[in-house]
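*Asks:* Next comes the sequence, and after it the predicted model I'd like to discuss.
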Amino acid sequence: MSEETVVLETHHKSTLKERMLQYFTTERKRKIYTVVYFVILGLLVAYFIYTKLKLLLFTTPPEEPINYAAYEWYIVPYVYIIDYIKHAWNSLLFAFMLSGVIYEFVPGNIIKKWLGGGKWYHYLLAAALAPIFVTCSCSVIPVYVGILAAGASLGVAMTFFLMAPAANFITILLTGEYIGWELGLWRLVFSFIAAVISGVIFDRMKISKELRKQFDVTTNPDGTPKAKRLVLKKSIHDRVETAYKFSFDIFKNIIPRLLIGLAVVSFLIAYIPSSWVSAYFTGFWGIVIAALLGGPLYTPTLVEIVMTKSLMSLGMDNPTALSFMMGQPYDFVSMVPNSKYFKWRGVLMYSLVFFFISIGSAVLYALINGYAL
Amino acid sequence: MKELNVIVGGGADYYCKNCKATANNFNKVVAEKFPDLKINFSHKNITTPEFIKEFGTLLPPCLIIEGTIVHDGSIPTESMIEQAIKHFI
């Protein structure tokens, strides 16, 4: 009986599906995914560079603005989203993929290692490191506790968390690509200044010292934890798998909110009269109104960029746009969880710092670039 | 039957999305490669002073097997989990 079975098995002609399954073993599949991942990343980078070179070397005629009001109201979001994807797909995909690469290949422990000293330059390091790390909501608290437990001051932690939403990697790239690199750079520089000033002031406040005591966690006398650590071998395939999953997770989280935001923005651009935008979103009072709106008008960063671009096409001037985008860290939704760590006094302080720096940076931009105030 | 005590650490008192994914990956590897292994799962908040005293400051999600930190900062892949389990059995 057993001999018969053996004979039958050797004569069994494997189907294409079986041969495919035999060929694509788990290990081989992982290798293929790795190659595909880097090929896609390479193509995105190449296309990104190509579009930049094209802009530099060839003069292309400006596109005719779309008159959204001419469409039926239910078609407006569809047309707007298609137009957005047409312009932003490369930057979006590039940003998502690169955020995964940074997440996996830049060790998270450097945040704790480099920010733990409590020296003056740690504020600058905190502001400089924050844009690299797209901290998802569930890792915000552990990173915060990690920085504090490593010896950083609360002001350094505050600088890090104000800078992360204000100018993270995806925000910088999208602002530069969609609105313009000049405004993107101004936003980055002044967010940096505002975040550092907020952190420095917070460390001079009495509440900072009171809160700091909660985090004086000691491990062993030599500062190391009791537990041992097993160092696992991490292959390039493991790294690519993690990077890919992270990028896809961010994509899944952001895209639905972005689409809803784009739909809302499409109605604004279609039905708000440009005379109204030109009247209220230009000059000095436009800057002040935009800075005031930054708080209550909570919008996801990517939607905020699109909204700014839309308002600019309706007549909002560049300084007002800068003031509007700088408002991100003091939106009401972020204030509530932040009050847990910095207390309301700290939240009020950084909101005021960002509010006045939003106005100050926009006024400075207007003066340098010759905009009427 | 060999038993392993496994802790999945996250930034909150409950299983967040990444902690769930870590636990699911772990269960999948055990079911496929180590069916005779019994796993005692528990979840810990990595931001409590007790946890920091014991394990230091870690990034979520983290995986601790038999009191040894195996991985932190990202969801461990199946091959990494397999490597870790082989070390302990």
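*Replies:* Sure thing, it's come through. Residues are numbered from 1 along each chain as shown, chains lettered A, B, ... in the order given.
*Asks:* number of nearby residues for the closest residue to chain A within chain B?
*Replies:* Closest residue of chain B to chain A, C-beta to the nearest C-beta: B:Gly56 (3.3 Å). All C-beta spots, glycine's among them, are computed from the backbone N, C-alpha and C. B:Gly56 has 23 neighbouring residues, counting by other C-beta atoms under 10 Å in any protein chain shown.
*Asks:* my guess is it meets A:Gly146, correct?
*Replies:* No - using C-beta atoms under 8 Å, B:Gly56 makes no contact with A:Gly146, being 9.0 Å away.
*Asks:* Can you classify the spatially most central residue of chain B as helix, strand or coil?
*Replies:* In chain B, the centroid-proximal residue (C-alpha atoms, centre = their mean) is B:Leu63; its distance is 2.9 Å. Three-state call for B:Leu63 (DSSP: H, G, I helix; E, B strand; the rest coil): strand.
*Asks:* Pull up the per-residue confidence for it.
*Replies:* Looking at B:Leu63, its pLDDT reads 94.
*Asks:* mind listing what it touches?
*Replies:* Shown in contact with B:Leu63 (C-beta atoms under 8 Å, 6 or more residues apart in numbering or on different chains): B:6-9, B:22, B:26, B:69-72, B:76, B:81, B:84.
*Asks:* restrict the residues you listed to those near chain A?
*Replies:* By C-beta under 8 Å from any C-beta of the partner chain, the members of the contacts of B:Leu63 lying near chain A are B:Ile69, B:Val70, B:His71, B:Pro76, B:Ala84.
*Asks:* Pick the one among those residues closest to A:Arg19.
*Replies:* When the ones next to chain A among the contacts of B:Leu63 are compared for distance to A:Arg19 (C-beta to C-beta), B:Pro76 comes out closest, at 32.1 Å.
*Asks:* Could you give the backbone dihedrals for that closest one?
*Replies:* Backbone geometry at B:Pro76, expressed as degrees, to the nearest 10, gives phi -70, psi 140.
*Asks:* That one: neighbour count?
*Replies:* Residues within reach of B:Pro76, counting by other C-beta under 10 Å, total 27.
*Asks:* Contact partners for it?
*Replies:* Applying C-beta under 8 Å, 6+ apart, we find B:Pro76 in contact with A:Leu232, B:Thr22, B:Asn25, B:Phe26, B:Leu63, B:Val70, B:Ala84.
*Asks:* per-residue pLDDT, whichever residue of the stretch 251-373 of chain A sits closest to chain B?
*Replies:* Nearest residue of the stretch 251-373 of chain A to chain B (C-beta to the nearest C-beta) works out as A:Asn253 at 9.5 Å. Turning to A:Asn253, the model gives it a pLDDT of 79.
*Asks:* Could you check how many residues crowd around it?
*Replies:* A:Asn253: 14 neighbours (other C-beta under 10 Å).
*Asks:* ok, which stretches of chain B are strands?
*Replies:* B:3-10, B:38-45, B:62-65, B:68-71 (DSSP state E).
*Asks:* Out of the ones you listed, which is the most enclosed?
*Replies:* Of all those, strand B:62-65 has the most neighbours on average by mean count of other C-beta atoms under 10 Å in any protein chain shown, namely a mean of 24.
*Asks:* May I have that strand as PDB, with CA atoms only?
*Replies:* Extracted C-alpha coordinates of strand B:62-65, given in PDB (Å, rounded to 0.1, in the frame of the first residue of the first chain):
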ATOM      1  CA  CYS B  62       7.400  46.300  23.100                       C
ATOM      2  CA  LEU B  63       7.700  42.600  23.600                       C
ATOM      3  CA  ILE B  64       9.100  41.000  26.800                       C
ATOM      4  CA  ILE B  65       9.600  37.300  27.100                       C
END
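*Asks:* Can you list the strands that that strand pairs with?
*Replies:* Within its sheet, strand B:62-65 is paired with strand B:3-10 (antiparallel), strand B:68-71 (antiparallel), according to DSSP bridges.
*Asks:* Name the residues of the helix or strand where A:Ala279 lies that are buried.
*Replies:* In the assignment (DSSP states H and E), A:Ala279 maps to helix A:274-280. Under the neighbour-count criterion of 16 or more other C-beta atoms under 10 Å in any protein chain shown, helix A:274-280 has A:Val277, A:Tyr280 buried.
*Asks:* Buried ones in the following helix or strand past that helix, by neighbour count?
*Replies:* Downstream of helix A:274-280, the next assigned helix or strand under DSSP H and E is helix A:283-293. Applying a neighbour-count criterion of 16+ other C-beta under 10 Å, the buried positions in helix A:283-293 are A:Gly283, A:Phe284, A:Gly286, A:Ile287, A:Val288, A:Ile289, A:Ala290, A:Ala291, A:Leu292.
*Asks:* Confirm for me that the fourth one is in contact with A:Gly360.
*Replies:* Spelled out, it's A:Ile287. No - under the criterion of C-beta under 8 Å, A:Ile287 makes no contact with A:Gly360, lying 9.5 Å away.
*Asks:* that older thread, just put the strands of chain B in a markdown table and tack on distance to A:Lys245.
*Replies:* Output for these, formatted as a markdown table (distance: least, C-beta to C-beta, whole Å):
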| stretch | distance to A:Lys245 |
| --- | --- |
| strand B:3-10 | 16 |
| strand B:38-45 | 20 |
| strand B:62-65 | 15 |
| strand B:68-71 | 14 |
